[in-house]
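Colleague: Here you go, sequence then predicted model.
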Amino acid sequence: MKTPPGGAFAAPHDSVHRLGPMQRLEFPMKRHAPGEEVDYLVVGVGSAGGVLLQRLARAGFKVLGMEAGPFWDTERDWVSDEAGSRQLYWEDLRITGGKDPLALGSNNCGKGVGGGSVHWAAFTPRFHPSDFEVYTRDGVGADWPISYQDLKPYYELLELEMPVAGPLWYPWGDPHGYAFGPHPMGGVGNTLVRGCTELGIGVSIGGPVAILSGSRGDRPHCIYRGFCIQGCKVGAKASTLVTHVPDAIGNGAEIRDRCMVSRIHHDKKTNRVTGVSYFDAEGAEHFQKAKAVIVSGYAIETPRLLLNSACDGYANGLANSSGTVGKYLMAQAGNVILGRFDEPVRMYKAPPAHAMTEEFYETDPKRDFARGFAIQTVGPLPIAFSRQMLAARGSWGWGLRRVMMDYNHWSAFGLLGEILPWADNRVTLSTEKDSFGLPVAHVNFDLHDNDKKLIAFGRNKVEEVMRAAGATEIEQEARYAHLVGAARMGKDPATSVVDGFGRTHDIANLFVCDGSVMPTQGSANPGLTIQALAARTADYLISQGTRVFTSDERDMTPPPVRRELSPPGTHGPGIPRVK
Ligand SMILES: Cc1cc2nc3c(=O)[nH]c(=O)nc-3n(C[C@H](O)[C@H](O)[C@H](O)COP(=O)(O)OP(=O)(O)OC[C@H]3O[C@@H](n4cnc5c(N)ncnc54)[C@H](O)[C@@H]3O)c2cc1C
Ligand code: SF4
C-alpha cells in the first residue's frame, strides 16, 4: 500500500478513536489481552462485518473484528481527489480468467475498516420479492432459503440507520417510501429523467441513496462535489466506518486493523473451529482463540480463506463438503453508456448515484431471456471517463486530450443487469502466492446464453434512453459490477455452503456473512441487502445465546427483530415512516 501524503498509517491509539474530529469518541477502544478467547471473531470489517460487530457488541458479546486494511482516519487519510484514493481498494494480486474475465482490483472490494462501503456509490435499492424465488418463478438460477418478507424489517431498519434518502414513493418491487427526502438533481440525473420521460419510462429521482440529504447528528449533509467513490471526506455518505463502527467500539468491540487472517483452525475431534491465525502489520503471525468465527471478507476473499483453511476432515476447504465453496460467483453486467450533449452536463457535480429506473427489473415473457436490469446514473470523474473513452473509442494522445476538453458535455448511464449463478463461475486457489505466502484467488468467469441476451437487450435500451435524452454521440464500455455469491445459502447442504442464517452446514460455530452468501443477485445494487442480512444474522446469533458456542443443534426459529439494537438516534416512532 502507498504511504499517503499525511504520513504512514498508524494503528489506532488506545484512547483515541481514529475517525477524525467529526466522529472522535471520548473513550478508549477495548483491547483483548493476548491469549484471551473472544466470543465472536469477525474476519473483515466491511459492509457486513461492521453491522455484525455493532449488533453483537451492543448485545454484550465479546467481539473482535480482524481487518486486513487500515483503520481510516477520514480527516487525515482521505482526499477529494480521484488519483489520491486508490488505497481504498483491495489491489493485492488476484488472477482472473475464463472466456469473459472480470477486471479485478478497484472495481471490486475495499480494504480497510468499512470495506466496500467506504468507496461504494451508495445506491441502495432493495431486492425485489421475485429475487428470492428466481428458480420457482423462472426455472433458472436458484431460490433463496428465505423470503423477501424475512428481510423486509431489516431493510426498513438499515434504511433508517444509514440513512437512505429517496422519494416518498418508490414504485418497484415491494413499493415503499423513504423517510429522508430525495436529493436535488445533478446534470446526469437530468439527462436520465429527460430520456426516460420522453420514452414513458418511470424514473426515481434523488435516490434511493445512502447519502444525507439533511444533516444528522455529527454528520453534515451532502455538498454535491461528487467524490463519493473516493470515500466522502465530508462524511455525508454512509459507510459502516461512520454509521456502525463507532457504536460497535462504544459497546466494547475491538477492531484489529492491518491484520490479515490466513487460516481458520478446526478441531477434528469436536468438528468446531477454535480461532484463526493472522499476520499483524509487522508481518508477525499470531493465533487468536474464538468460540465462533464469522467470515465477512467479500465474495472473493471469503471463499479464498475457506479454501486456504483446508485441513484434516475438510481436505477440499473448510465447510466445503458440498464442493460448493467458490462456485456460483456472480457479477452484475455494468456496461457504461456515455452520451454527448450539445449543452454542458457537468457530470462531476452531485453524487454519481442519484437517479434510476427499475422498469425492466422483472422477467418479461415478451423477451427471450429471464430476469432483467436497472438503469442508473453513473457520473464518472475525469480519470474514470478518460479510461472509458480509451476503452470505447481507443482515444489516445491528442485525441484523448480533445475528448477530455469536452468532458463537461458528456453524461453516463449504467446498465445494471442480472447475471445468473453458474457453477463454473468460481473462485479457486491459484499457484501464485501473496506477500504472506498464501495462495491467491483465481477467478473464472464466463457469460452464458441468458446473460448475453440480457446484456445485449439492456445495452440497447440504455442507448435508446440516452438518445431520447438528446445525446448526439454515444459510446459504451462493457464492464461488470458488484461481485457476490461463492459461498451461497440454501436449504440443501449438498448444494450450498450456509443455511438461511449464514451458519455453515458443516460446522456449527462457523458462519459466513457477506455478499458471498447470495444465491442470486437481482439487478439491485447489493450493499443494502448485505447489511440487512448481517443485521438478521446478528439477531439470530443473539437469540441462540451461548448455544452457538457449545451445541451442534440447529434451531431455525426466526429471531425477533431487535430494533433497539440500532445505533442510537436512528430508529423509533419519532421518525416518519412510509410503508
Ligand atoms: C466502485 C464501486 C462502487 C460501488 N457502488 C455500490 C453502490 O452504489 N451500491 C451498492 O449497494 N454496492 C456498491 N458497490 C458494491 C459494494 O461496495 C459491495 O457489494 C459491498 O461492500 C460488499 O460487502 P461485503 O461485506 O461482502 O465485503 P466488503 O465490504 O468488501 O468487506 C470485506 C472486508 O474484509 C476484509 N478482508 C478480506 N479478507 C480478509 C482477511 N483474510 N483478513 C482480514 N480482513 C479481510 C477486506 O479488507 C474488507 O474490508 C460498489 C463497489 C464498487 C467497487
Ligand atoms: S457528493 Fe455528497 S456524498 Fe458524495 S462525496 Fe460529496 S458530500 Fe460526500
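Modeller: Here it is on my side, so go on. Ligands and ions are numbered 1, 2, ... in the order given.
Colleague: Does stretch 92-101 reach ligand 1?
Modeller: No: on the criterion CB under 6 Å from any ligand atom, stretch 92-101 is out of touch with ligand 1, staying 9.4 Å away. Every C-beta, even on glycine, is put in place using the N, C-alpha and C of the backbone.
Colleague: distance between the ends of that stretch?
Modeller: End-to-end span of stretch 92-101 (CA to CA, to the nearest Å): 17 Å.
Colleague: Give the buried residues for it.
Modeller: The neighbour-count check on stretch 92-101 (16 or more other CB atoms under 10 Å) flags 92, 94-95, 100 as buried.
Colleague: Turn those residues into JSON lines, columns for pLDDT and secondary structure.
Modeller: Formatted as JSON lines, the buried residues of stretch 92-101 follow (pLDDT from 0 to 100; DSSP: H, G, I helix; E, B strand; the rest coil):
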{"residue": "D92", "pLDDT": "89", "secondary structure": "coil"}
{"residue": "R94", "pLDDT": "93", "secondary structure": "coil"}
{"residue": "I95", "pLDDT": "93", "secondary structure": "strand"}
{"residue": "D100", "pLDDT": "96", "secondary structure": "coil"}
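Colleague: now, among those, which is nearest to R219?
Modeller: Checking the buried residues of stretch 92-101 against R219 with CB to CB, the nearest one is D92 at 31.0 Å.
Colleague: pLDDT score for the closest residue to the closest one other than its chain neighbours?
Modeller: Spatial nearest neighbour of D92, excluding adjacent residues (CB to CB, 6 or more residues apart in numbering): D434 at 5.9 Å. Note for D434: predicted pLDDT of 96.
Colleague: What degree of burial does D434 show, as a neighbour count?
Modeller: For D434, the count of nearby residues is 16 (other CB atoms under 10 Å).
Colleague: do the same with the one 4 residues further on
Modeller: When counting by other CB under 10 Å, one arrives at 18 neighbours for L438.
Colleague: which sections of the protein are below the confidence cut-off?
Modeller: Scanning the chain for pLDDT under 70 picks out 1-27, 573-579.
Colleague: repeat that for 80
Modeller: For the chain, applying pLDDT under 80 flags the ranges 1-28, 105-108, 218, 571-579.
Colleague: Around ligand 2, which positions in it sit nearby?
Modeller: So the chain meets ligand 2 at 211, 222-228, 232, 234, 236-237, 351 (CB under 6 Å from any ligand atom).
Colleague: Mind doing that once more with 8 Å?
Modeller: Within the chain, the positions lying close to ligand 2 (CB under 8 Å from any ligand atom) are 80, 122, 211-212, 220-228, 230-237, 350-352.
Colleague: What segments of the stretch 251-400 of the chain are strands?
Modeller: Using DSSP state E, counting those that start in this stretch, the strands of the stretch 251-400 of the chain run over 254-256, 260-267, 272-279, 285-295, 330-333, 336-340, 355-357, 373-377.
Colleague: Go through these and pick out the most buried.
Modeller: By mean neighbour count, with neighbours taken as mean count of other CB atoms under 10 Å, strand 373-377 ranks first of those at a mean of 28.
Colleague: name the helices or strands packed onto that strand?
Modeller: Applying 3 or more CB pairs under 8 Å, 6 or more residues apart in numbering; DSSP states H and E, one finds that strand 373-377 contacts helix 187-199, strand 355-357, strand 410-417, helix 449-468.
Colleague: what residues are up against the residue of the chain most remote from its centre?
Modeller: Centroid-distance maximum for the chain: W398 at 37.7 Å, with CA atoms, centre = their mean. W398 makes no contacts at all, as judged by CB atoms under 8 Å, 6 or more residues apart in numbering.
Colleague: if we can go back for a sec, single out the most deeply packed of the helices and strands packed on strand 373-377.
Modeller: strand 410-417 (a mean of 28).
Colleague: Just after that strand, pick out the following helix or strand.
Modeller: Using DSSP states H and E, the helix or strand that follows strand 410-417 in sequence is strand 426-433.
Colleague: Is that following strand in proximity to ligand 1?
Modeller: No: figure legend: strand 426-433 not in contact with ligand 1 (CB under 8 Å from any ligand atom); closest approach 12.2 Å.
Colleague: So what are the sheet partners of that strand and their directions?
Modeller: Looking at strand 426-433 with DSSP bridges, its partner strands are strand 439-444 (antiparallel).
Colleague: Dump the strand it pairs with to PDB, restricted to CA.
Modeller: Extracted C-alpha coordinates of strand 439-444, given in PDB (Å, rounded to 0.1, in the frame of the first residue of the first chain):
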ATOM      1  CA  PRO A 439      -2.200 -18.800  -2.400                       C
ATOM      2  CA  VAL A 440      -4.200 -16.000  -4.100                       C
ATOM      3  CA  ALA A 441      -7.600 -16.300  -5.600                       C
ATOM      4  CA  HIS A 442      -8.100 -17.400  -9.200                       C
ATOM      5  CA  VAL A 443     -11.400 -16.300 -10.600                       C
ATOM      6  CA  ASN A 444     -13.000 -17.900 -13.600                       C
END
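Colleague: ok, and does it reach over to ligand 1?
Modeller: No: interface with ligand 1: strand 439-444 contributes nothing (CB under 8 Å from any ligand atom), its closest point being 10.1 Å away.
Colleague: What are the contacting residues of that strand?
Modeller: With contact meaning CB under 8 Å, 6+ apart, strand 439-444 is reached by 92-98, 101-102, 104, 300-301, 303-304, 307-308, 329, 424-434.
Colleague: quick revisit: can you give me the separation between the residue farthest from the centre of the chain and M404?
Modeller: Computed with CB to CB, to the nearest Å, the distance linking W398 and M404 is 11 Å.
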